[in-house]
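Visitor: this is the structure alone, sequence omitted:
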């Protein structure tokens, strides 16, 4: 008598709705403003288990509802920074979209895994989840900001995998862990049935950990550093007040607007001169430090060129140009000026509004301290763009930032090392209203300062002038494309096996026998 495949049909489980509730809670602490790594490892296990215990259609609708609720709670007040719609409307649009997209791998796993034999079925979910994550980063206006893998921010050993695969390697690692755990669960933890599968996944996990441990323990940046002074805050305006109260003044009281912004710029200039004479070779300001109207921006750039030339320094000067008509979008740019007073980099911010990633080009320039480039704040959340820094052999990346919401400060700090490990550059991130930091090319945070807590408003660091060559910087998103290819192959295999089984069933002697 033929044994029934355990993968076919719902696996009846009277506790299934308990697993759904548990998963909903775990997802809240996996992807949003408060991330717990253990929650991110466990959440997919319970979602897969629930989906396998229900009929496909109803199970998927419950999963969709679960992810909608958890995403709504997890993202808190993030959407208050939206300038497109009202915060509530923006959240009402994006949360269901995110839930829909991130629920699809669970549906695919439910449909395909039951058609595949044994442990091979565990590959469906990680391939589907990784392929969808990879494709989604090309069109998501938030880039990699909400990816599941970001939850592993405090796992530096595992994070070294990014130097080969990019962030999507961690997604695959976590997804395979989840599907393997469910497979073990469904085998009733029977050792004779599960030991081979556990050995396969365990070997993969151990290799990742050994690679990460060796990379962190035995490899360090080459000798040679440059002294960088990050001016965190040279003004007394709280972040939220400066962003909400100053721009409207340009229309209602332009003289007051000019007096306040000119005073702010002068303070930054004075502090720059002071830091240059204290030994700084590079001085960088935070995002929005150069808030002004068009006339004020031109004057600030002229003064910045003069100071850079007089003091013999490189100056990272972000501008934030506003207009009397509030409907006109602000012009948010980063300028880097060399010791000759020439602009060697002009970068327009694309993060949080990017839908044209293929058209964005990063500028890199050579200096006596290595090759450099720069972007602004959440530009760093876009792996496909920042990978240009790896391909262009950038040694130091400057990322002036501004945190308009206290709730996302920690998220950006946690995510910053991901791009560093992928591409092998050092990161200098002066931040207004949040945490400024410096990381080495291996993603180790070696210096940081929280503007909200510290009395000092300048972070002085010696930054390595040599990058670390990574596999990812050479092969780019090859791993992401391979997961798509793997997903197509395993889908074809599942369909082929299903059709073969159907043909065998209809042509078997038992099916041809006359009924009694």
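Guide: Here it is on my side, so go on. The structure displayed is predicted, hence computed values, not measured ones.
Visitor: in stretch 214-222, which residues are buried?
Guide: Neighbour counts using 16 or more other C-beta atoms under 10 Å place 215, 216, 221 of stretch 214-222 among the buried residues. Where C-beta positions appear, they are placed from N, C-alpha and C, glycine not excepted.
Visitor: for stretch 289-302, give me every contacting residue.
Guide: Applying C-beta atoms under 8 Å, 6 or more residues apart in numbering, the external contacts of stretch 289-302 come out as 231, 234, 242, 246-247, 250, 254, 257-258, 261-262, 264-265, 268, 317-324, 331, 335, 343, 400, 432.
Visitor: for residue 330, grab the count of nearby residues.
Guide: Applying other C-beta atoms under 10 Å, we find 16 other residues in the vicinity of residue 330.
Visitor: my read: it touches residue 348, true?
Guide: No - Residue 330 is not in contact with residue 348 according to C-beta atoms under 8 Å; the separation is 10.9 Å.
Visitor: okay if I get the buried residues of stretch 214-222 as JSON lines plus secondary structure?
Guide: Output for these, formatted as JSON lines (DSSP: H, G, I helix; E, B strand; the rest coil):
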{"residue": "215", "secondary structure": "helix"}
{"residue": "216", "secondary structure": "helix"}
{"residue": "221", "secondary structure": "coil"}
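Visitor: so the residue lying closest to residue 348 once chain neighbours are set aside bridges to which residues?
Guide: Spatial nearest neighbour of residue 348, chain neighbours left out: residue 333 (5.2 Å); criterion: C-beta to C-beta, 6 or more residues apart in numbering. Following DSSP bridges, residue 333 is listed with bridge partners residue 319, residue 348.
Visitor: show me where the stretch 401-516 of the chain has its strands.
Guide: Using DSSP state E, counting those that start in this stretch, the strands assigned to the stretch 401-516 of the chain run over residues 401-402, 426-429, 431-432, 435-439, 445-450, 458-464.
Visitor: now the fifth one: how far from the chain's centre is it?
Guide: What it means is strand 445-450. Its chain's C-alpha centre lies 19 Å from the corresponding centre of strand 445-450 when counted by C-alpha atoms, centre = their mean, to the nearest Å.
Visitor: tell me which strands it pairs with, and in which orientation.
Guide: Applying DSSP bridges to the sheet, strand 445-450 is found paired with strand 435-439 (antiparallel).
Visitor: which residues does the strand it pairs with contact?
Guide: Contacts to strand 435-439, defined as C-beta under 8 Å, 6+ apart, come from residues 228, 230, 232, 286, 401, 403, 409-410, 412-413, 416-417, 420, 426-431, 445-451, 459, 461, 463.
Visitor: buried subset of these, written for ChimeraX?
Guide: Here is the ChimeraX selection string for the buried members of these, based on 16+ other C-beta under 10 Å:
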select :228,230,232,286,401,403,409,410,412,413,416,417,420,426,427,428,429,430,431,445,447,448,449,451,459,461,463
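Visitor: now for the longest helix along the chain, which elements pack on it?
Guide: If each helix of the chain is counted by residues according to DSSP state H, the longest one is helix 478-507. When contacts are defined as 3 or more C-beta pairs under 8 Å, 6 or more residues apart in numbering; DSSP states H and E, helix 478-507 packs onto helix 87-112, helix 124-136, helix 168-186.
Visitor: the second one to helix 87-112, inter-axis angle?
Guide: With axes from the mean of the first three to the mean of the last three C-alpha atoms, to 10 degrees as the basis, helix 124-136 and helix 87-112 are set at 140 degrees to each other.
Visitor: buried residues of helix 124-136, list them for me.
Guide: Using 16+ other C-beta under 10 Å, the residues of helix 124-136 that count as buried are 124, 125, 126, 127, 128, 129, 130, 131, 132, 133, 134, 136.
Visitor: now those as CSV including distance to residue 49?
Guide: Output for these, formatted as CSV (distance: C-beta to C-beta, whole Å):
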residue, distance to residue 49
124, 15
125, 12
126, 16
127, 19
128, 16
129, 15
130, 20
131, 22
132, 20
133, 21
134, 25
136, 24
